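# give me coordinates for this.
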Amino acid sequence: MRANRRHILALAGAAVAMPCMPRLGPAQAYPSRPVRLIVPVAAGGANDTTARLFAQKLSESLGQQFYVENVPGAGGNLGIANAARAPADGYTLLAGGGNFVINPSLYAKIPFDPVKDFAAVSLMCSSPHVLAVHPSVPAATIKEFIALVQTSPGTLSYGSAGRGTPAHLAGEMFKLAFGLDLIHVPFTGGGPAITSTLGGHTPVIMSALPTGAPYAKAGNVRALAMMSAKRSSVLPDVPTMGEATGTELEADIVTGLVAPAGTPREIIELLHRTVAKIIAPPEFKERLLALGFEPVASTPEHFSEWLKIEIAKWAKVIRDGSIGVQ
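Just a heads-up that it's a prediction; the model follows:
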């Protein structure tokens, strides 16, 4: 499954080089009025920040305002359901993040189907999680850390941005892969989690790269491994989990664009081509990299397959880790 996922992401770059297709049908006049881009989390987080960058560029490229509307609540389910129920005319879009592929398995019941209720448009950007420890933890490498946990099970704890968040599931994926007894401590966000680790209260953290990287660079925490297929240019000296242990584990934060199912194909293709053009200039890539993200455009078909792979991957982690929320 991971190989297929990597193949899809590798193919994503081809989207930038796709020839421009003629604008037909509904796309001829689209967009003729402002477009709502729903972000199913509160303002200020990674998903919101990246969505706003793309909304600005979509506005500039297509000549109409693409405006962000934050619809938080129920772990993202309210905003996603709001988008699913919107008219399939291209004037309501969703900037999907981790909750889009996690929630179908995390909750006993959700008011949307991520595959049937939506049409994939394109991935836009991604960023890995990083496992880091307080400097007092006697482990200089991820292998040493795994050995430390194995010799003292149930004594170390790791913090995350909250129960059911991508960071939590990344931590559970890590625990399951190596059979570790590592206590999870959920916080109300990535900021409070990293603050606890900086203070030595929670010695380990599974952090989104944008949150953890500044402290790793400053030496306030020791980054041990990236949950990614390749190293990040933000922390180039930190190995991937696969490099360091031989066990490949990937857990990304992503922002991807989807539309209500039934949105005209011409509009889907226009939006996809526009996203591909947005991420092409080096200055835009540098802007994303400064936030800890890398641009990733993909065809609608590749993004659709990626979504199915991610849904299945996190379903297994949630099932094997006996994770769930009401």
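# list the buried residues for stretch 35-49?
35-41, 45-49 (16 or more other Cβ atoms under 10 Å). Just so you know, the C-beta spots here come from the backbone N, C-alpha and C atoms, and that holds for glycine as well.
# in a markdown table, list the residues you listed along with distance to residue 118.
Shown next, in a markdown table, are those (distance: Cβ to Cβ, whole Å):
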| residue | distance to residue 118 |
| --- | --- |
| 35 | 16 |
| 36 | 15 |
| 37 | 14 |
| 38 | 11 |
| 39 | 15 |
| 40 | 12 |
| 41 | 17 |
| 45 | 21 |
| 46 | 21 |
| 47 | 16 |
| 48 | 19 |
| 49 | 22 |
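# now, those residues that are in strands?
By the criterion of DSSP state E, membership of these in strands covers 35-39.
# got the contact list for residue 171?
131, 158, 160, 182, 184, 206 (Cβ atoms under 8 Å, 6 or more residues apart in numbering).
# enumerate every residue touching the fifth one.
By that I understand residue 184. Contacts of residue 184 by Cβ under 8 Å, 6+ apart are 157-158, 160, 163, 168, 171-172.
# where along this structure do the helices fall?
2-12, 46-62, 77-84, 98-106, 142-151, 166-178, 190-198, 209-218, 241-245, 265-279, 282-290, 300-320 (DSSP state H).
# pLDDT of stretch 57-75, averaged?
Average pLDDT, stretch 57-75: 97.
# in it, what's buried?
57-59, 61, 66, 68, 70-72, 74-75.
# and for stretch 49-57?
Those would be 49-55, 57, for stretch 49-57 by 16+ other Cβ under 10 Å.
# hmm, residue 226 is touching residue 128, no?
Yes - Residue 226 is within contact range of residue 128, at 5.0 Å (criterion: Cβ atoms under 8 Å).
# and for those two, which residues touch both?
Common neighbours of residue 226 and residue 128 (Cβ under 8 Å, 6+ apart) are 209, 232.
# that older thread, for the helices of the chain, give me JSON lines that also has distance to residue 251.
Below are those laid out as JSON lines (distance: least, Cβ to Cβ, whole Å):
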{"stretch": "helix 2-12", "distance to residue 251": "11"}
{"stretch": "helix 46-62", "distance to residue 251": "14"}
{"stretch": "helix 77-84", "distance to residue 251": "20"}
{"stretch": "helix 98-106", "distance to residue 251": "9"}
{"stretch": "helix 142-151", "distance to residue 251": "14"}
{"stretch": "helix 166-178", "distance to residue 251": "4"}
{"stretch": "helix 190-198", "distance to residue 251": "14"}
{"stretch": "helix 209-218", "distance to residue 251": "11"}
{"stretch": "helix 241-245", "distance to residue 251": "9"}
{"stretch": "helix 265-279", "distance to residue 251": "22"}
{"stretch": "helix 282-290", "distance to residue 251": "19"}
{"stretch": "helix 300-320", "distance to residue 251": "9"}
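# list the contacts for the residue most central in space within the chain?
The centroid of the chain falls nearest to residue 253 when counting by Cα atoms, centre = their mean (2.0 Å). Counting by Cβ under 8 Å, 6+ apart, residue 253 makes contact with 46-47, 97-98, 126-129, 166, 208-210, 293.
# and for the closest residue to it other than its chain neighbours, the neighbour number?
Spatial nearest neighbour of residue 253, chain neighbours left out: residue 127 (4.8 Å); criterion: Cβ to Cβ, 6 or more residues apart in numbering. Residue 127 is flanked by 26 other residues according to other Cβ atoms under 10 Å.
# would you mind measuring from residue 127 to residue 218?
19 Å (Cβ to Cβ, to the nearest Å).
# hang on, the earlier thing: nearest to residue 257, out of the helices of the chain?
For residue 257, the closest of those is helix 265-279, at 6.4 Å, according to Cβ to Cβ.
# give me the domain ranges for this protein.
2-127+253-320, 128-245 (automatic domain parsing).
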